[in-house]
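Visitor: Quick one, structure for this:
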Amino acid sequence: MCEKILVEQMAEQVNMSPRNFARVFLRDFHIPPREFLDRVRIAAAKRDLEKDVESVDQIADARGFASSSTMRRAFLRVLGMAPSHY
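Guide: Numbering: from 1, shown residues only. You can find the predicted model right below:
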């Protein structure tokens, strides 16, 4: 199971305010930190879906999404398809 990492925790790790961390992250990586986290979680979830061993709910929980509907929205936003169609 993946740890549910939050942007606020990332900012705390580098001793920055969440707002400044998000600004610097976007400047340096050209992507907001929340979107980066979503993409990392989606990549891991895609590998799990390809194995076809766990349910979408189990995968969402294991990959740090708040719920399967949160994972579904992230998939739709980033990949243009639902996890069930991947």
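Visitor: okay, which residue of this structure is out on the far edge from center?
Guide: Residue farthest from the centre of the chain, counting by Cα atoms, centre = their mean, is residue 15 at 22.0 Å.
Visitor: Three-state assignment for that one, please.
Guide: For residue 15, the secondary-structure state derived from DSSP: H, G, I helix; E, B strand; the rest coil is coil.
Visitor: Ramachandran angles for it?
Guide: Backbone geometry at residue 15, expressed as degrees, to the nearest 10, gives phi 60, psi 50.
Visitor: any idea how far it lies from residue 24?
Guide: According to Cβ to Cβ, to the nearest Å, residue 15 and residue 24 sit 12 Å apart. Quick note: C-beta positions are derived from backbone N, CA and C, even for glycine.
Visitor: do the same with residue 9
Guide: In this view, residue 9 and residue 24 are 16 Å apart by Cβ to Cβ.
Visitor: With neighbour numbers in mind, choose between the two.
Guide: When residue 9 is set against residue 24 and neighbours are counted by other Cβ atoms under 10 Å, the residue ahead is residue 24, at 14 against 11.
Visitor: who's in contact with the more buried one?
Guide: In this structure, residue 24 makes contact with residue 16, judged by Cβ atoms under 8 Å, 6 or more residues apart in numbering.
Visitor: can you pull the pLDDT of the one residue sitting closest to the centre of the chain?
Guide: The C-alpha lying nearest the average C-alpha coordinate of the chain belongs to residue 38 (Cα atoms, centre = their mean; 2.3 Å). The predicted local distance difference test score for residue 38 is 90.
Visitor: Identify the residues contacting residue 66.
Guide: Under the criterion of Cβ under 8 Å, 6+ apart, the neighbours of residue 66 are residue 4.
Visitor: Ramachandran angles for it?
Guide: Here the main-chain torsion angles of residue 66 (degrees, to the nearest 10) amount to phi -60, psi -30.
Visitor: ok, it to residue 52 distance?
Guide: Applying Cβ to Cβ, the value for residue 66 to residue 52 is 23 Å.
Visitor: list the contacts for the nearest residue to residue 74 once chain neighbours are set aside?
Guide: The spatial neighbour of residue 74 that comes closest, neighbours along the chain excluded (Cβ to Cβ, 6 or more residues apart in numbering), is residue 38 at 4.6 Å. With Cβ under 8 Å, 6+ apart as the criterion, the residues that contact residue 38 are 74, 77, 78.
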